[in-house]
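# I need the structure of the sequence given here:
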Amino acid sequence: MSSITATNLYKVFGRRPERGVRALQEGSSREDLRELGVTAAVIDASFEVEAGEIFVVMGLSGSGKSTLIRMVNGLLQPTSGDVVIGDTNVTRAKGEDLRRVRRERVSMVFQHFALLPHRTVGENAAYALKVQGVDRAEREKRAEEALAMVDLGGWGGSMPDELSGGMRQRVGLARALASGSDIMLMDEAFSALDPLIRREMQDKLVELQSELGKTVLFITHDLNEAMRLGDRIAMMRDGRIEQIGTAEQILNDPANNYVAQFVQDVDRSRVITADSVMETPPAVIGQGQGPLAAQKLMRETQAPWLAVLDRERRLVGMLWEGDVATAVRERRESLPLIPRTEVATASPDTYLADMFRGASVASSPVAVIDGEGKLLGTVPHATLLAASASTSQVEAMAADDDAPAADLEMGVR
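Predicted coordinates:
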């Protein structure tokens, strides 16, 4: 179910902005509108934010992302189009109806903290509840609970100027949590923070969203932040949404050259997860089979290795062709198994960057398993390397005649 739905949003500033909308709909560019004396900030933007997801709007300065979020919370009236939050059309809501949506459904976390300097940390965290008319005892209780969620328990009696920048941003986040709203709008909320503190706040947001199931619309100009936080990302340029998709979709299938160039330097290994690159193993064998059966299956499938599974399809270990051949020559009855404890494994949501350490010390492919140990797929070393490299890096490696195959395969046996 969608928490926020934006349909064909336009925001044009200047005299007679409706003329600008009509001109854009008829094919005029953003630059053409200058002759009409108007400026287009957002052009035909449509998107849906599902309940419980972090939806990131990513764009450089002037792309229209901050204008977009102000239309979502009703601070700016769209020139054309609609924003619906839940069952309320924010674009058409007036007076008390609009104020009720802001009080009860939506909370804001701002870039520069927006704390009241003459009120304590606890009073700041409880401020939205005071506006809602919640009695003092209840709002103090909820504010303290929210402060504890952001690791500021016991700081309620302090003043904002006693806190570091990162701590003050946590107060802003606590205020949004204490309000009880199911939607949080975050406009460049972490951009004023130092890199280490910024990463801590990103981790905290992901943790809280996982625990509380909040719906988050997050605005940022930082691509790495967008890739790290977003369940889905809307890439904006010159007022238009160029592409909406997961980080992996945007990296692997950019909609146009602009998006492709924008993401070309992203560290793919910290965005792409195992489940998106894993492959079906060429063959698997039951742990009760013998070396002759394994050798026959390897010859039929031309597979240099086999995954060995129990009856519940749980991974038991791996076999290599050379070891199997030796076992057949020596007439052994049991499989020459590399046990699971010596096989590199990963969960489906493991980032590629976190798979390299295990892959570097194990000759077998990385086995992707679920929480019960069942095999979901495998990631050969060459696939891991190729998926982590940018398109330009892969092309360069392929064009390099001096690069030995072993380099590309990371020593795969």
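# buried stuff in the helix or strand where residue 202 lies?
Per DSSP states H and E: residue 202 is located in helix 195-212. Residues of helix 195-212 classed as buried by neighbour count (16 or more other Cβ atoms under 10 Å): 197-198, 200-202, 204-205, 208-209. Placement of C-beta: from N, CA and C, glycine included.
# and what of stretch 78-90?
For stretch 78-90, using 16+ other Cβ under 10 Å, the buried residues are 78-86, 88, 90.
# let's have those in TSV, adding pLDDT, distance to residue 228 and secondary structure.
Compiled in TSV, those are given as follows (pLDDT from 0 to 100; distance: Cβ to Cβ, whole Å; DSSP: H, G, I helix; E, B strand; the rest coil):
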residue	pLDDT	distance to residue 228	secondary structure
78	95	30	coil
79	96	33	coil
80	96	34	strand
81	96	30	strand
82	95	31	strand
83	95	26	strand
84	95	28	strand
85	93	26	strand
86	87	28	coil
88	89	31	strand
90	92	29	coil
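# ok so, going back, with pLDDT and distance to residue 42 added, can I get the buried residues of helix 195-212 in a markdown table?
Output for these, formatted as a markdown table (pLDDT from 0 to 100; distance: Cβ to Cβ, whole Å):
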| residue | pLDDT | distance to residue 42 |
| --- | --- | --- |
| 197 | 86 | 31 |
| 198 | 87 | 27 |
| 200 | 88 | 32 |
| 201 | 89 | 27 |
| 202 | 90 | 26 |
| 204 | 89 | 30 |
| 205 | 91 | 25 |
| 208 | 90 | 29 |
| 209 | 89 | 26 |
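# biggest separation within those, which pair?
Within the buried residues of helix 195-212, two members stand farthest from each other by Cβ to Cβ: 197 and 209, at 18.6 Å.
# contacts for stretch 307-327?
When contacts are defined by Cβ atoms under 8 Å, 6 or more residues apart in numbering, stretch 307-327 is touched by residues 281, 283-287, 291, 294-295, 298, 303-306, 334-340, 342-343, 345, 363-365, 367, 369, 372-375, 378, 413.
# from these, which land in helices?
Taking DSSP state H as the definition of helices, those contribute 291, 294-295, 298.
# just the closest of those residues to residue 259, please.
Distances from residue 259 to those, taken by Cβ to Cβ, are shortest for residue 298, at 42.9 Å.
# that closest one: how many residues sit nearby?
Here the number of neighbours of residue 298 (other Cβ atoms under 10 Å) works out to 21.
# with adjacent residues omitted, what lies nearest to it?
Using Cβ to Cβ, 6 or more residues apart in numbering and skipping residues adjacent in sequence, the residue nearest residue 298 is residue 321, 5.6 Å away.
# tell me the pLDDT at that neighbour?
At residue 321, the predicted lDDT confidence score is 92.
# separation between it and residue 191?
53 Å (Cβ to Cβ, to the nearest Å).
# compare those two (neighbour count), which wins?
residue 321 (17 against 14).
# about what we covered before: distance to residue 230 added to the buried residues of helix 195-212, as CSV?
Formatted as CSV, the buried residues of helix 195-212 follow (distance: Cβ to Cβ, whole Å):
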residue, distance to residue 230
197, 20
198, 15
200, 18
201, 15
202, 11
204, 16
205, 11
208, 15
209, 11
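# which of these lies closest to residue 53?
residue 209 (8.5 Å).
# that closest one: what's it in contact with?
Residues in contact with residue 209 (Cβ under 8 Å, 6+ apart) are 52, 54, 216.
# from those, which is closest to residue 225?
Residue 225 has its nearest neighbour among those in residue 54, at 11.0 Å by Cβ to Cβ.
# so what's the residue count around the residue lying closest to that closest one once chain neighbours are set aside?
Of all residues not flanking residue 54 in the chain, residue 216 sits nearest, at 4.4 Å (Cβ to Cβ, 6+ apart). Residue 216 has 25 neighbouring residues, counting by other Cβ under 10 Å.
# touching, residue 216 and residue 186? I think so.
Yes: contact criterion Cβ atoms under 8 Å: residue 216 and residue 186 qualify, at 6.3 Å.
# report the set of residues contacting both of the two.
By Cβ under 8 Å, 6+ apart, residue 216 and residue 186 have these common neighbours: residue 205.
# on that earlier part again, of the contacts of stretch 307-327, keep whichever come out buried.
By 16+ other Cβ under 10 Å, the contacts of stretch 307-327 give 281, 283-285, 291, 294-295, 298, 303, 305-306, 335-338, 340, 343, 345, 363-365, 367, 369, 373, 375, 378 as buried.
# in strands only, show me those residues.
Those of the buried ones among the contacts of stretch 307-327 mapping onto strands are 284-285, 305-306, 338, 345, 367, 369, 375, 378, per DSSP state E.
# list the contacts of residue 157.
Contacts of residue 157 (Cβ under 8 Å, 6+ apart): 120-122.
# again with residue 338
Here residue 338 is in contact with 317-320, 323, 364 (criterion: Cβ under 8 Å, 6+ apart).
# most surrounded residue in those?
Ranked by the number of neighbours (other Cβ under 10 Å), the contacts of residue 338 place residue 319 first, at 27 neighbours.
# paired strands for the helix or strand harbouring it, with orientation please.
Here residue 319, judged by DSSP H and E, is contained in strand 315-320. In the sheet, strand 315-320 lines up against strand 305-309 (antiparallel), strand 338-339 (antiparallel) (DSSP bridges).
# give me the neighbour count for the nearest residue to residue 53 once chain neighbours are set aside.
The shortest distance from residue 53 to any non-neighbouring residue, by Cβ to Cβ, 6+ apart, is to residue 231 (4.2 Å). Counted by other Cβ under 10 Å, the residues lying close to residue 231 total 15.
# likewise for residue 267?
Applying other Cβ under 10 Å, we find 14 residues neighbouring residue 267.
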